[in-house]
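Q: Return atomic coordinates for the entry below.
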Amino acid sequence: MAKPATLKIRMNSTADTGFFYVTKKNPKTKTEKLTMRKYDPIARKHVEFKEGKIK
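A: Numbers count the residues shown, from 1 in each chain. Take a look at the predicted model:
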């Protein structure tokens, strides 16, 4: 059976709240690390989220 093309990644909040989102990424088309501006409910505002590994 073939391996899936997408990998699960963890989007960590840069507000140092420990909050994270889990999303998927295709490493063949997106080779750089993802950064997104999303809502952090602990900080109660939109902050930058950066890609990290799922442990």
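Q: so what's the spatially most central residue of the chain up against?
A: The centroid of the chain falls nearest to residue 11 when counting by C-alpha atoms, centre = their mean (2.2 Å). Listed by C-beta atoms under 8 Å, 6 or more residues apart in numbering, the contact set of residue 11 reads 20, 21, 22, 23, 34, 36, 38, 49, 50, 51, 52. C-betas here are computed from N, CA, C, even on glycine.
Q: Quick one: residues contacting the second one.
A: With contact set as C-beta under 8 Å, 6+ apart, residue 21 has these partners: 10, 11, 38, 49.
Q: give me that answer again for 7 Å
A: Contacts for residue 21 were tallied using C-beta atoms under 7 Å, 6 or more residues apart in numbering; they are 11, 38, 49.
Q: Could you do the fourth one as well?
A: For residue 23, the residues meeting the contact criterion (C-beta under 7 Å, 6+ apart) are 9, 11.
Q: Figure out the helix or strand that it lives in.
A: Assigned by DSSP states H and E, residue 23 falls within strand 20-25.
Q: ok, that strand: who's next to it in the sheet?
A: Sheet pairing of strand 20-25 (DSSP bridges) gives strand 7-13 (antiparallel).
Q: Show me what counts as buried in the partner strand.
A: By 16 or more other C-beta atoms under 10 Å, the buried positions in strand 7-13 come out as 9, 11, 12, 13.
Q: Just name the closest of those residues to residue 42, please.
A: residue 13 (7.7 Å; C-beta to C-beta).
Q: Alright, calling it a day.
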